[in-house]
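Undergrad: predicted structure and sequence below. I'll ask about it afterward.
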Amino acid sequence: MNRRTFLHGLAAALAAGSVQLVRAQQGFKPFPPAPTLGTPLQPIGTRAASEAHVVRYISNTLPSRHTGAAFAPIGELDGIITPNGLHFERDHAGVPTIDPKDYRLVLHGLVERPLMFTLNDLMRLPSENQVYFIECAGNGQNGYREPPEPALTATRSRGLVSGAEWTGVPLRILLEEAGVKPEGRWLLAEGADAAAWVRSIPTEKGLRDVLVAYKQNGEALRPEQGYPVRLVVPGWEGSIQVKWLRRILVADEPAMSRGETSEYTDVRADGRIDAFTWVMEPQSIITRPSGGQLIEPGFHQIRGLAWSGFGKVVRVEVSTDGGASWQEARLTGPVLPYALTRFVFDWNWDGKEAVLMSRVVDDQGNTQPTRAEFFERWARNNRYHYNAIQAWRVGADGRVQNGDPALAVGAAPPMQAGGCGGEVFDG
Amino acid sequence: MVRVLLALLVFVGIWAAAGGYGIGLPLTDEQVARYEALPIVRPSGAGLPEGEGDAATGFEIYAFDCAGCHGPNGEGAPFDRLVADAPFSLDLPPHRFAVGNYWPYATTLWDYINRAMPFASPHNMDPDEVYALVAYLLAENGIIDADTVVNAENLPRIQMPTRPLYRVDPFTRQLFPWIELP
């Protein structure tokens, strides 16, 4: 490729939106002259100034930035742990400021002994460390757009997911301290945000593996992740993992709060509406090369993320011919249940148009549907739980665009995207 | 299965009563009541305080506190549409989902208005005002008559038109066979 076509491609990619240059900068360049003394020691480290463009995506169609979502820039990240400042965020009424000295967690309702815990109380109790993904139920919401949007990026396709190591006290311990009565089959968890966000969780799940978390990747939770304390509910949709957790009411019925009725319920293709769609389906996405990027012919390591709310990733398959044939990718790094898993696949691009896809298989045998298969089960006006295979089309010019197929003509009318990222367009 | 689970919960209860780590401050009923100042209202009506309101009163509050975000008569923009302009169907785009064509429980409306509205200054309404707003929105959606006075007694009994479409997610049903929708 000569300089003119390179610049042409660059301009086109810039016009297409978020751009990442994967192309290596060629050419001889001597070391720069010896620098003067560098930056002195700092109490806290910061990112390289030249990495400042790696930020979360926030839709410019949001009517308010106090509700909506910021997408983790997964198209520009590696590994299975999301840096804390880049962890995706979904708020329903802004981020509250909570003084840890004033923090109280109250456990009451159908319990033998109502209890109140300070932050210090929670930290004194036995702790667990677990690497879990958290994913918004609305992740993948741009897949509801029809026809598919050519300029889609990996970040906007599946960036409402992040991975972290969470430290906290198992909720089971708190429930045992309070003594749940037999009829207390529901935990109604409430946050301290302005919307006092409420979700209902079966006590059975709370006794099994829910964490009352106060640390994220070793440091205190970020305010936008629920400082000082949030629930982490492995494998389940993000909105049930109540941030700024301030009380748990043990009850004999669910709250049927707004967040589990008018939002976070799912419309099926048969017209039924499913409540309590908690488990996040198996997902995978190729993050490199992905939409908005520009590649050159030759060797590439295809890289991506896979995860499943049902358990552990056992296999990821990659196709470079639009799904005609599939080959097994290599899992690299820790492979943990309910955690992001990194896959890689060596690929030599011959410079001809190619369509890249990935699909995951989890330890329960679940895999991802094609786009057409997905819409056989879910309605076109559903808003959540989109987990169809994401395709990336690599053009002969090296530009990578959304390669998702349009749905068959004549079905339902074109449908707006929906859900929590503010990617709705009212048409 | 259910019996085993109940036995397990009873066991857990007895074990905990015997005392575990001794961390956490036991609360008196009066102290708990203070934490319950903002009730979590359930479909049975549990959590609903005394009070009442009608649609005419509700419209006055709505016009002042709500119309700026939800439209003069609940038609939405810039925020959510509240009053349905069509029944639920597979062709209805999500931005037209509203109380009358999507919300399965009337109690949710009381709970959400009381805990989260108005968006920028929540927790500032007394129970009568919340009942009145609920009455206005239910009447505007054609679910109750305009002269119905809504209170803790009748709110849980109001049937929402879309409730019959709801079911427990089939996979969740497998995991927790005991779960039923209220």
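TA: Arrived safely, thanks for sending.
Undergrad: other SSEs contacting the helix or strand harbouring residue A:400?
TA: In the assignment (DSSP states H and E), residue A:400 maps to strand A:400-402. The helices and strands touching strand A:400-402, judged by 3 or more CB pairs under 8 Å, 6 or more residues apart in numbering or on different chains; DSSP states H and E, are strand A:391-394. All C-beta atoms are positioned from the backbone trio N, CA, C, and that covers glycine.
Undergrad: parallel or antiparallel, which strands does the strand it packs on pair with?
TA: Sheet partners assigned to strand A:391-394 using DSSP bridges are listed as strand A:354-362 (antiparallel), strand A:400-402 (antiparallel).
Undergrad: dump the ones you listed to CSV, plus mean pLDDT and mean neighbour count.
TA: Formatted as CSV, the strands paired with strand A:391-394 follow (pLDDT from 0 to 100; neighbours: other CB atoms under 10 Å in any protein chain shown):
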stretch, mean pLDDT, mean neighbour count
strand A:354-362, 98, 23
strand A:400-402, 98, 24
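Undergrad: adding distance to residue A:164, write the ones you listed out as JSON lines.
TA: Shown next, in JSON lines, are the strands paired with strand A:391-394 (distance: least, CB to CB, whole Å):
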{"stretch": "strand A:354-362", "distance to residue A:164": "20"}
{"stretch": "strand A:400-402", "distance to residue A:164": "28"}
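Undergrad: closest to residue A:311 out of the ones you listed?
TA: Ranking those by proximity to residue A:311 (CB to CB) places strand A:354-362 first, at 5.5 Å.
Undergrad: residues contacting residue A:74?
TA: A:154, A:155, A:158, A:159, A:161, A:285, A:287, A:305 (CB atoms under 8 Å, 6 or more residues apart in numbering or on different chains).
Undergrad: put together CSV for the residues you listed, with neighbour count and secondary structure on each row.
TA: CSV is the format used below for the contacts of residue A:74 (neighbours: other CB atoms under 10 Å in any protein chain shown; DSSP: H, G, I helix; E, B strand; the rest coil):
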residue, neighbour count, secondary structure
A:154, 29, helix
A:155, 26, helix
A:158, 30, helix
A:159, 29, coil
A:161, 24, strand
A:285, 27, strand
A:287, 28, strand
A:305, 28, strand
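Undergrad: of all these, which comes closest to residue A:27?
TA: residue A:287 (27.5 Å).
Undergrad: got a list of what the nearest residue to the closest one once chain neighbours are set aside touches?
TA: In this structure, residue A:287 finds its nearest non-sequential neighbour in residue A:154, 4.8 Å apart by CB to CB, 6 or more residues apart in numbering or on different chains. By CB under 8 Å, 6+ apart, the contact list for residue A:154 reads A:74, A:75, A:285, A:286, A:287, A:288, A:290, A:291, A:390.
Undergrad: residue ranges for the strands of chain B, please.
TA: For chain B, the strands defined by DSSP state E cover B:25-26, B:52-53, B:150-151, B:166-168.
Undergrad: poorly predicted segments of chain A, please.
TA: A:1-26, A:409-427 (pLDDT under 70).
Undergrad: center of it - which residue?
TA: The centroid of chain A falls nearest to residue A:161 when counting by CA atoms, centre = their mean (0.7 Å).
Undergrad: residue contacts, it?
TA: By CB under 8 Å, 6+ apart, the residues touching residue A:161 are A:72, A:74, A:88, A:133, A:134, A:135, A:136, A:139, A:283, A:305, A:307, A:340.
Undergrad: let me know the secondary structure of the fourth one.
TA: Secondary structure state of residue A:133, per DSSP: H, G, I helix; E, B strand; the rest coil, is strand.
Undergrad: I'd say it and residue A:166 touch.
TA: No. Residue A:133 is not in contact with residue A:166 according to CB atoms under 8 Å; the separation is 10.5 Å.
Undergrad: just want the most central residue of chain B.
TA: Closest-to-mean residue, chain B, CA atoms, centre = their mean: residue B:108 / 1.4 Å.
Undergrad: please name the nearest non-neighbouring residue to that one.
TA: Take residue B:108 and drop its neighbours on the chain: the residue closest to it by CB to CB, 6+ apart is residue A:261, 5.1 Å away.
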